[in-house]
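Colleague: no sequence for this one, just the structure:
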C-alpha cells in the first residue's frame with residue numbers, strides 16, 4: 001500500500017475591507033475582502049491496487065477556488081478565496097460578521113466550474129475535498145484558517161478492453177454544491193463508463209450508493225443478448241480516500257461477478273439537440289432483445305415509429321420552433337423493454353439573440369489603435385472577418401461580452417477607403433459591424449512634406465511643425481521665433497528688450513518700442529518656411545479665417561480616447577467644396593506653452609498665423625479652439641503655440 005501526503009502551508013496577505021453586519025449572512029450582497037492567513041494540509045488518495053501510476057503532485061492552479069463557511073453562533077457566513085498563481089496568493093471574500101474564533105468548513109472541487117462562485121457544477125470527473133471541522137480566528141483585521149482537506153469519495157478506474165462500455169449501478173457521485181445552502185448534491189443514477197486506449201477508464205470520483213450492501217451491478221450486451229453482472233465488495237473497496245481499479249467482467253470472463261441474462265435495450269445516440277428553428281426529424285437507433293416501446297410526455301415533441309421488436313429505429317422531431325429567447329426546451333424519451341429502460345435526452349435550443357454596438361466604425365487613414373465592440377447575446381457567439389487588413393481580438397464568447405477591432409496598418413492609398421464587415425454569429429442569428437478606414441487625404445508633397453487640397457486658397461499641411469504624424473502635437477514657438485525654448489515670457493522673447501514696451505521688430509505703435517510697421521512675418525522669421533523650406537509658410541489670419549468658415553469646411557470634434565485619431569483629441573476639418581468633400585485635416589488639441597508650463601493639452605488648441613494683431617502689436621493672429629468652439633483671433637506673441645504650415649497652389 002502506498003500513501004501520499006502533501007503538506008501545503010500558504011500565507012496570503014490580502015486587502016482588508018470593513019465588514020458589515022447582515023441579518024441574512026448567506027446572501028452575497030456587500031461582499032467584503034479580508035486579510036487571510038491560510039494554513040492547509042491536503043491529504044491525497046491512498047493507492048490500494050499496486051498499479052503503476054504517475055505520482056500525485058499537489059500544486060494550486062491559477063483560478064482555483066476554496067469555498068468557506070464560517071460559523072458565528074447560529075449564523076453562517078459564506079465566503080470563497082481565489083488563487084493567483086503569479087503571486088502565489090489567495091484573494092478572499094466573505095459576507096457578514098465573523099466571530100473572533102470559531103468553526104468553519106472548507107471545500108475544494110478539483111477541476112470543477114462555477115459561473116457565479118455560488119453554485120458549483122460537479123460530476124464523477126471532479127475530486128471533492130473537504131474539512132468540516134476546520135477552525136478560524138479573527139484578530140486585528142486578519143483571518144487565520146487552519147484546515148486539513150481530505151477526499152470525500154474514492155478514486156476509481158475501471159479496467160477492461162479498449163472501447164468496452166458498461167452501465168454501472170450502485171455508485172454515487174457528487175453533482176453539485178450550493179454555497180448559499182452549504183449543500184452537496186449526491187446522485188445515485190446509473191453511470192455509463194467507457195474504457196480508453198490505455199485499458200482503463202478515466203478516473204471516477206465515486207462511492208457506494210449503499211454503503212452497507214457495497215454492491216455494484218453492470219449491464220452489458222453481446223450479440224443482441226443483455227447480461228447483468230452483480231458483485232459485492234470488501235470494505236476497503238471504494239472507501240473514502242482510497243484509489244484503485246475494478247476489472248469489468250465480460251460474457252467470457254466473469255471475474256467473480258454473478259451473471260444473468262436480462263431484458264435489455266440500448267439507444268444511439270443517447271441525446272439529441274435541435275436548433276430553435278428546426279422541426280425536421282432525427283433518427284434514434286435501438287438495440288434490444290425483444291419488444292420495446294419509446295414514449296415521451298413532452299407535448300412539443302413527436303415520436304414516430306416508437307414500437308418494435310429486436311433491433312430497430314424511430315424518429316424524433318419538434319412540433320414547432322422554440323421562439324423563447326430565454327430557455328431551451330428539454331424532454332426525455334423513455335425506452336422500455338420488459339424490466340429494462342434507457343432514455344434519450346432531447347433539447348431544442350432557445351432562439352438566439354445577438355446585437356452589437358456600435359454597428360459601424362470609422363478609422364482615420366493612419367489610425368491603428370484598437371476599438372471595442374460590445375456584444376449582447378443569449379448564447380455562444382463568434383466574431384469573424386475576411387478582411388486581411390483588420391484584426392479581431394477576443395472574437396468569441398457566451399452571453400454578453402465584447403471584442404476589439406483594429407487596422408493592422410495605415411491606409412496609404414490616397415484614392416480609396418478600406419472597408420470590411422465583421423460578422424457576429426450566434427447560432428442561426430447574425431449581427432454585423434461595418435468598418436471603414438479612410439484613405440490618406442494627402443493630395444501631394446512640397447519639399448517632402450505632405451499637403452491636403454481642401455479647395456481653398458492655400459493647401460494645408462497634414463501635420464504640425466515638429467510633428468511626426470497628423471495626431472502628434474509637434475513643437476511650440478513664440479510668434480516670429482524659429483527655435484523652441486524652455487521658458488516662454490517677455491524676458492526670453494526674441495524681438496523685445498525684456499518687456500512688451502520695448503519691441504525691436506514687428507511694431508506699429510510708438511509706445512511699444514521701435515516702429516517698423518511690419519505686419520507679416522518675413523521668411524527668415526517664419527518657422528514653417530525655415531523648418532520645411534520649399535514654398536511652405538505660416539498661414540495669414542485671413543487664411544485661418546477661411547479654414548474656420550463654416551461655408552468652407554465642416555468642423556467635427558473628437559474627444560480623448562477616440563479610435564479614429566488614435567485617442568488624440570482635436571478637430572477634424574473636412575472640406576465642403578465641390579470635388580474636395582473627401583479631403584480633411586486633423587488639428588490636435590495641443591494646448592500651449594506659457595512660462596515653463598505646457599497647458600490644456602487634450603482640450604484646447606492654439607495655432608499661429610503670420611499676421612501681427614491689427615490693433616495691438618503685443619499680439620498676433622491665431623486660430624483658437626476648445627471642444628465646443630473655434631475661431632480666429634489674437635494672442636500674446638510671447639506664448640508658445642502650434643504651427644500648421646500652408647503652401648501655395
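Modeller: Now that the structure is in, tell me what you want to look at. Small disclaimer: the values here were computed from a predicted structure and weren't measured.

Colleague: Quick one: mean pLDDT for stretch 149-164?
Modeller: Mean pLDDT, computed over stretch 149-164, is 93.

Colleague: Show me which residues of that stretch are buried.
Modeller: Judged by neighbour count using 16 or more other CB atoms under 10 Å, the buried positions of stretch 149-164 are 149-160, 164. Any C-beta I mention is one placed from the backbone N, CA and C, and that applies to glycine too.

Colleague: swap in stretch 547-566?
Modeller: Of all the residues in stretch 547-566, those buried under the rule 16+ other CB under 10 Å are 547, 548, 552, 553, 555, 557, 558, 562, 563, 564, 565, 566.

Colleague: tell me which element the closest residue to residue 197 other than its chain neighbours is part of?
Modeller: With sequence-adjacent residues excluded and distances taken as CB to CB, 6 or more residues apart in numbering, residue 197 is closest to residue 162, at 5.1 Å. Following DSSP states H and E, there is no helix or strand that holds residue 162.

Colleague: Now do the contacts for residue 162.
Modeller: 195, 196, 197, 198, 199 (CB atoms under 8 Å, 6 or more residues apart in numbering).

Colleague: Mind checking which of these are buried?
Modeller: Among the contacts of residue 162, those classed as buried by 16+ other CB under 10 Å are residue 195.

Colleague: got TSV for the contacts of residue 162, with secondary structure, distance to residue 355 and pLDDT too?
Modeller: Shown next, in TSV, are those (DSSP: H, G, I helix; E, B strand; the rest coil; distance: CB to CB, whole Å; pLDDT from 0 to 100):
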residue	secondary structure	distance to residue 355	pLDDT
195	coil	47	94
196	coil	43	94
197	coil	45	95
198	coil	47	94
199	coil	51	94
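
Colleague: May I see the contacts of residue 162 organised as JSON lines, with distance to residue 242 added?
Modeller: Shown next, in JSON lines, are the contacts of residue 162 (distance: CB to CB, whole Å):
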{"residue": "195", "distance to residue 242": "21"}
{"residue": "196", "distance to residue 242": "22"}
{"residue": "197", "distance to residue 242": "25"}
{"residue": "198", "distance to residue 242": "20"}
{"residue": "199", "distance to residue 242": "20"}
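
Colleague: Specify which member of the contacts of residue 162 is nearest to residue 622.
Modeller: residue 196 (78.2 Å; CB to CB).

Colleague: ok, that closest one touching residue 202?
Modeller: Yes. Shown here, residue 196 and residue 202 form a contact pair, counting by CB atoms under 8 Å, at 6.9 Å.

Colleague: Can you get me a residue count around residue 478?
Modeller: Neighbour count of residue 478, defined by other CB atoms under 10 Å: 26.

Colleague: Contacts for stretch 194-204, please.
Modeller: Contact with stretch 194-204 is made by 124-125, 127, 155-165, 171, 173, 191, 193, 245, 248, as judged by CB under 8 Å, 6+ apart.

Colleague: Which of the buried residues of stretch 547-566 scores worst on pLDDT?
Modeller: residue 563 (71).

Colleague: how far away is that one from residue 39?
Modeller: 50 Å (CB to CB, to the nearest Å).

Colleague: How about residue 461?
Modeller: Distance of residue 461 to residue 39, computed by CB to CB: 68 Å.
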